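Asker: give me coordinates for this.
(chains A, B, C and D)
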There are 2 protein chains.
Amino acid sequence: MGLDDRKLEVLKAIVEDYVATEEPVSSRALVERHNLNVSPATVRNDMAVLEEEGYIRQPHTSAGRVPTNRGYRLFVDRLSRIKPLSQAERRAIERFLGGAVDLDDVVYRTVRLLAQLTRQVAVVQYPSLTRSSVRHLELVPISTTRLMLVVITDTGRVEQRIVELPGPTAGDDILELRGKVNSKLGGKPLTEAAGLVQSLVDEVAPLLRPAMASLASVLLETLVERRDERIALAGTANLARGMGDFKGTLRGVLEALEEQVVLLKLIGHVDSDDITGEPRVRIGDENEIADLHSTSVVSTGYGPGRTIVGGLGVVGPTRMDYPGTIATVRAVARYVGELLTHN
Amino acid sequence: MGLDDRKLEVLKAIVEDYVATEEPVSSRALVERHNLNVSPATVRNDMAVLEEEGYIRQPHTSAGRVPTNRGYRLFVDRLSRIKPLSQAERRAIERFLGGAVDLDDVVYRTVRLLAQLTRQVAVVQYPSLTRSSVRHLELVPISTTRLMLVVITDTGRVEQRIVELPGPTAGDDILELRGKVNSKLGGKPLTEAAGLVQSLVDEVAPLLRPAMASLASVLLETLVERRDERIALAGTANLARGMGDFKGTLRGVLEALEEQVVLLKLIGHVDSDDITGEPRVRIGDENEIADLHSTSVVSTGYGPGRTIVGGLGVVGPTRMDYPGTIATVRAVARYVGELLTHN
DNA sequence: GACTGGCACTCATCGTGGCTGAGTGCCAGG
DNA sequence: CCTGGCACTCAGCCACGATGAGTGCCAGTC
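Answerer: Next up, the predicted model:
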């Protein structure tokens, strides 16, 4: 039960070595690479205790030790410090993300960058509509009975929908509708705006009500619908590298990563329990998705200022460089947040 | 040299059986499954000739035969007919794609559908900006010195950019700019519109020229830039299934599939040599991308009417069901084209 | 009491050798 | 030109033993 300092030191060394070499680590290798100032035999005794407590295990007799999920957990919680990125790395992030021209580009660059820096699979959720507010609504006539509704949010996101009008409607009338919806909904958070849509119909001239009703129903759908919570993915090629061991699992992991819903559950930061602002780490089966039980997930929320409009993170083998990955995820999320603020 | 009918028949049978069983096919298995009315020995003689000509090969002595790329090529060109989809399949396509609410959704659904129907990796290029024309331009003030430019094309695509104005500009002036650009560029193909941007500056009141100049430069960039040729991908999990043989290659294939540029080269239908309207099939190393030499690509262009605004297709092992895949790709492309026409 | 050297033990890995069966190539005969 | 028969090749499988990495335990030392 009592894990003295040296035993913790041993666990830490095991995790670090295993992550680096991808091979079970032996007592001798440990004392050689880390200066523990004790003999292999002593380390073996410590290992026996650690194994008893469930922090490490042997793949088979006469093999070295490998950390268990529980071991990684202890390592992440108490044995490692997040190592801040070097100045050079920070600059690289800024340079790469700074060149983005629009929101899609920001997301695309972010996900590529994350995948490259962590050498794992990166996942980025597009800024959620529901967290942001309406900047502007635009109505574009397509024909006399159809128009295109464009919703622009303050995170720079744009949604468009076709509206079928009940009858021919003049340009002036459309201008009137346009003014009305903008004055009523402009600047409002989407959730609030959705509530106001209902009242729009009663506030226009009777003749315009049928048209406004059609518009309102499409508008409501656009504001409320969560389907548009899109996800960007990159770095799946890294799976083929890292997961050399569980060949069988690869298929399942790829499948899980293709399901938007699954990914949203994974990195969509809807939770309020991460008030710390630090990335959240889920190791192996701490994760809810069965297909990803052989992986770990490091994720965090991002957004302008203190608000959170989306999530991002990486998925990799449980055997990953946690301190490095956490640092990278955190840094990237912060920088994306800044980008969204200034835009 | 002379490949009589039966030899072709044998090749056809070999391809079909190999695709179905994923195992080298033997002379005996052939005569059992197809009623060739000859003995295995005869088939063996034919096989020897086919091998000499390079259409099939033996993985090793005392194994059955496997088609070579050249064999697949002959099969695709002369031995197979594209089998039309069943009515039920057609309806399934319509039902699934018909539910799309906007352009992003069309692309997303298409790529998922293709992956599912062919059980391979599906690739869909977003409708290219450069092939379509301007439906409407919208200017949305953000502050007195910034506005958001929104370009809406007739394929339903929307691009937005931030424009920094040289100085504070009144709302009326912005309306004027808006009217000007729309009357000048509305309805024009993007390529043509780009040419007209230059002249815009001279056609507004002198006071507005600096503002129009800023707007024009961003507009030009938006119209010309090809960066926005985006790609959607789905079904990578199918790779893990199909490529059981070349485990090593998987990594490379995944990497290639992550490079937008590579994918564009692959399925971007800029070529004019496919006037036939039929899907194009590239088998193994007929393909330019080295990482994909162990795969085949079936691709085609799509668009409203006869015009082509993008490409779509699938990537799979050379050992694939060509007739079925070609039929599916063709049918999906046609239906997407129809969707774009009516929208 | 904590650490260490030594030793016996376990077991994955690797190479060898023999066996089996699938599938072919070839030849002689119809 | 086709067919039955036969010899030949070779991947796949299994059993076997040798090797060596790594451990667990114990008796001895500081």
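Asker: hang on, A:Ala13 packs against A:Leu36?
Answerer: Yes: counting by C-beta atoms under 8 Å, A:Ala13 does reach A:Leu36; the two are 7.4 Å apart. Quick note: C-beta positions are derived from backbone N, CA and C, even for glycine.
Asker: got the CA coordinates for stretch A:91-104 in PDB?
Answerer: Extracted as PDB, the C-alpha positions of stretch A:91-104 are listed here (Å, rounded to 0.1, in the frame of the first residue of the first chain):
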ATOM      1  CA  ARG A  91       6.200  30.400 -32.800                       C
ATOM      2  CA  ALA A  92       5.600  27.500 -35.200                       C
ATOM      3  CA  ILE A  93       2.000  27.200 -34.000                       C
ATOM      4  CA  GLU A  94       1.400  30.900 -34.400                       C
ATOM      5  CA  ARG A  95       3.000  31.000 -37.800                       C
ATOM      6  CA  PHE A  96       1.000  28.100 -39.100                       C
ATOM      7  CA  LEU A  97      -2.400  29.100 -37.700                       C
ATOM      8  CA  GLY A  98      -1.900  32.800 -38.300                       C
ATOM      9  CA  GLY A  99      -2.100  32.300 -42.000                       C
ATOM     10  CA  ALA A 100      -5.700  31.100 -42.000                       C
ATOM     11  CA  VAL A 101      -8.100  33.100 -44.100                       C
ATOM     12  CA  ASP A 102     -11.400  32.000 -42.800                       C
ATOM     13  CA  LEU A 103     -13.100  29.800 -40.200                       C
ATOM     14  CA  ASP A 104     -12.900  26.600 -42.300                       C
END
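Asker: the helix or strand A:Asn45 falls within and DNA strand C, are they touching?
Answerer: Element membership for A:Asn45 (DSSP states H and E) is helix A:40-52. Yes: Helix A:40-52 reaches DNA strand C (C-beta under 7 Å from any atom of the strand) through A:Ala41, A:Thr42, A:Asn45.
Asker: can you list residues touching both of A:Ala13 and A:Leu36?
Answerer: Shared contacts of A:Ala13 and A:Leu36, defined by C-beta atoms under 8 Å, 6 or more residues apart in numbering or on different chains, comprise A:Leu30.
Asker: who wins for neighbours among the residues of helix A:40-52 next to DNA strand C?
Answerer: When neighbours are taken as other C-beta atoms under 10 Å in any protein chain shown, the top entry among the residues of helix A:40-52 next to DNA strand C is A:Thr42 (15 neighbours).
Asker: so for that one, what's the pLDDT?
Answerer: A:Thr42 carries a pLDDT value of 94.
Asker: quick check: A:Leu97 vs B:Asp4, distance?
Answerer: Noted for A:Leu97: a distance of 64 Å to B:Asp4, by C-beta to C-beta, to the nearest Å.
Asker: repeat that for A:Tyr322.
Answerer: Distance, A:Tyr322 to B:Asp4, by C-beta to C-beta: 66 Å.
Asker: out of the two, which sits in the busier spot?
Answerer: A:Tyr322 (23 against 9).
Asker: still on that earlier bit, so is the helix holding A:Asn45 next to DNA strand D?
Answerer: Yes: Helix A:40-52 is in contact with DNA strand D by C-beta under 7 Å from any atom of the strand, via A:Pro40, A:Ala41, A:Arg44, A:Met47, A:Ala48, A:Glu51.
Asker: near chain B, which residues of the stretch 201-343 of chain A show up?
Answerer: Within the stretch 201-343 of chain A, the positions near chain B by C-beta under 8 Å from any C-beta of the partner chain are A:227, A:230, A:234-237, A:239-241, A:247, A:250-251, A:254-255, A:258, A:343.
Asker: now do the helices in the stretch 201-343 of chain A.
Answerer: Using DSSP state H, counting those that start in this stretch, the helices of the stretch 201-343 of chain A run over A:209-224, A:237-242, A:247-258, A:260-267, A:322-342.
Asker: export the ones you listed to CSV and tack on mean pLDDT?
Answerer: Output for the helices of the stretch 201-343 of chain A, formatted as CSV (pLDDT from 0 to 100):
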stretch, mean pLDDT
helix A:209-224, 88
helix A:237-242, 82
helix A:247-258, 84
helix A:260-267, 88
helix A:322-342, 92
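Asker: mind giving me a markdown table with those helices and columns for distance to DNA strand D?
Answerer: Listed next are the helices of the stretch 201-343 of chain A as a markdown table, based on distance: least, C-beta to the nearest atom of the strand, whole Å:
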| stretch | distance to DNA strand D |
| --- | --- |
| helix A:209-224 | 57 |
| helix A:237-242 | 21 |
| helix A:247-258 | 16 |
| helix A:260-267 | 35 |
| helix A:322-342 | 22 |
